[in-house]
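# pasted the sequence and its predicted model underneath.
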Amino acid sequence: MKRNLSILLALLCLLALAPALAQAPRAYAPENLRTLSYNDQVRVISLEYEDQSGGRRIPDDQLRFYLDQVNRSNWGFSRIKSDIAQSLRGSAPPPSSGTQTMRCESTDGRGHTCRTPWQGHSRLVRQLSRGDCVEGRTWQSQWGQVFVSGGCRGEFAESHDAPGAGGNRVVCESTGSRPRTCPTPWRGSSRLERQLSSAPCTQGRTWGSSRGEVWVDDGCRGVFGPGQGQGWGPGAYSVTCVASGPGHTTCAWDRSRGRPYVMELLPNARCVERHNWGYDDRVGLWVSGNCRARFGAR
């Protein structure tokens with residue numbers, strides 16, 4: 001009888017202590033993580049990320065970044081916890097300098113677009129990933145948003161440079177001959193500055209541009225910059241031609257201007273020369289199918 005009573009009292013004590021134990025702070029890591037072995041550092045950082053993210057696994061490049069900060073920059077465990085919380089929220093608070101920043105991260109190499117609290121373009125102020133953040137290749141800026149890919153994780157601030165200033169360039173690549181659309185940090189048309197692929201990059205056939213983006217196809221890979229005058233110069237001759245109905249639609253073109261080229265695609269259009277648009281001196285400029293574009297003179 002006495003034995004049963006002792007067991008009952010012990011159970012009651014444990015039940016009384018349960019709330020306090022549940023509220024006790026986690027004690028699986030000291031503040032100075034450098035006192036732990038490498039494997040224990042990996043374990044406690046991974047556990048903290050799982051706790052804050054609801055069970056998700058920490059990305060490998062983010063884990064390597066934290067290990068570097070612990071062993072090279074003396075980050076404490078509280079700093080790691082705070083940074084994990086900021087990364088899961090997707091933005092960082094303004095630094096003491098008063099410059100507003102936001103964080104944008106490509107996890108597992110996937111592309112990700114982040115809205116910015118400012119309306120203009122952005123600049124990279126701090127790289128957080130081991131993978132390089134290279135403008136035009138693994139990150140790009142547009143009005144009111146930042147796009148990252150290839151494992152780039154960084155903090156961004158508003159840029160006061162004019163669009164296209166500072167040599168802004170975009171690398172756009174069709175891999176596996178599949179089409180791809182790349183956002184550009186300028187709002188107008190684009191031009192091919194350097195071909196990177198052995199497959200030809202032919203405007204209107206394997207690459208083209210519309211306002212704020214470049215598309216590539218059939219293995220074209222190239223470096224693109226802003227079009228001259230962004231394609232909207234006050235003295236530039238251009239004609240907008242839109243296919244309507246079956247068959248060809250012809251549009252007036254001043255022969256003295258030379259041959260036309262696709263200056264800018266209209267939304268959701270695709271124009272391929274000699275397939276759904278063309279020009280000859282007898283017929284003039286013609287379009288068909290889903291070709292809808294603004295044409296300029298060569």
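On my side now, so go ahead.
# and L63, which of the three is it?
Three-state call for L63 (DSSP: H, G, I helix; E, B strand; the rest coil): helix.
# same question for V42.
Put simply, V42 is helix when judged by three-state DSSP.
# can you get me a residue count around it?
By the criterion of other Cβ atoms under 10 Å, V42 has 16 neighbours. (Glycine included, C-beta is placed from N, CA and C.)
# go ahead and confirm it touches L63.
Yes - counting by Cβ atoms under 8 Å, L63 is a contact partner of V42 at 6.8 Å.
# residue ranges for the strands of the stretch 51-200 of the chain, please.
Listed in chain order, the strands of the stretch 51-200 of the chain (DSSP state E, counting those that start in this stretch) span 101-105, 112-115, 121-127, 139-142, 145-148, 153-159, 170-173, 180-183, 190-195.
# deepest-packed of those strands, please.
Of all the strands of the stretch 51-200 of the chain, strand 139-142 carries the top mean neighbour count, a mean of 24, counting by mean count of other Cβ atoms under 10 Å.
# in JSON lines: the strands of the stretch 51-200 of the chain, plus mean pLDDT and distance to S53.
Output for these, formatted as JSON lines (pLDDT from 0 to 100; distance: least, Cβ to Cβ, whole Å):
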{"stretch": "strand 101-105", "mean pLDDT": "88", "distance to S53": "13"}
{"stretch": "strand 112-115", "mean pLDDT": "86", "distance to S53": "16"}
{"stretch": "strand 121-127", "mean pLDDT": "82", "distance to S53": "22"}
{"stretch": "strand 139-142", "mean pLDDT": "77", "distance to S53": "23"}
{"stretch": "strand 145-148", "mean pLDDT": "85", "distance to S53": "19"}
{"stretch": "strand 153-159", "mean pLDDT": "85", "distance to S53": "15"}
{"stretch": "strand 170-173", "mean pLDDT": "83", "distance to S53": "32"}
{"stretch": "strand 180-183", "mean pLDDT": "86", "distance to S53": "28"}
{"stretch": "strand 190-195", "mean pLDDT": "78", "distance to S53": "38"}
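# dump those to TSV, plus distance to V242.
Below are these laid out as TSV (distance: least, Cβ to Cβ, whole Å):
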stretch	distance to V242
strand 101-105	37
strand 112-115	29
strand 121-127	31
strand 139-142	26
strand 145-148	29
strand 153-159	35
strand 170-173	25
strand 180-183	21
strand 190-195	21
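# how is this structure partitioned into domains?
For the chain, automatic domain parsing gives the domain ranges 31-89, 101-159, 165-230, 237-297.
# now L128. Nearest residue, chain neighbours left out?
Sequence neighbours aside, R153 is the residue nearest to L128 in space, at 4.3 Å (criterion: Cβ to Cβ, 6 or more residues apart in numbering).
# for S177, same thing?
Nearest to S177 is G219, by Cβ to Cβ, 6+ apart, at 4.9 Å.
# so the one you found touches S197, yeah?
Yes - counting by Cβ under 8 Å, S197 is a contact partner of G219 at 5.6 Å.
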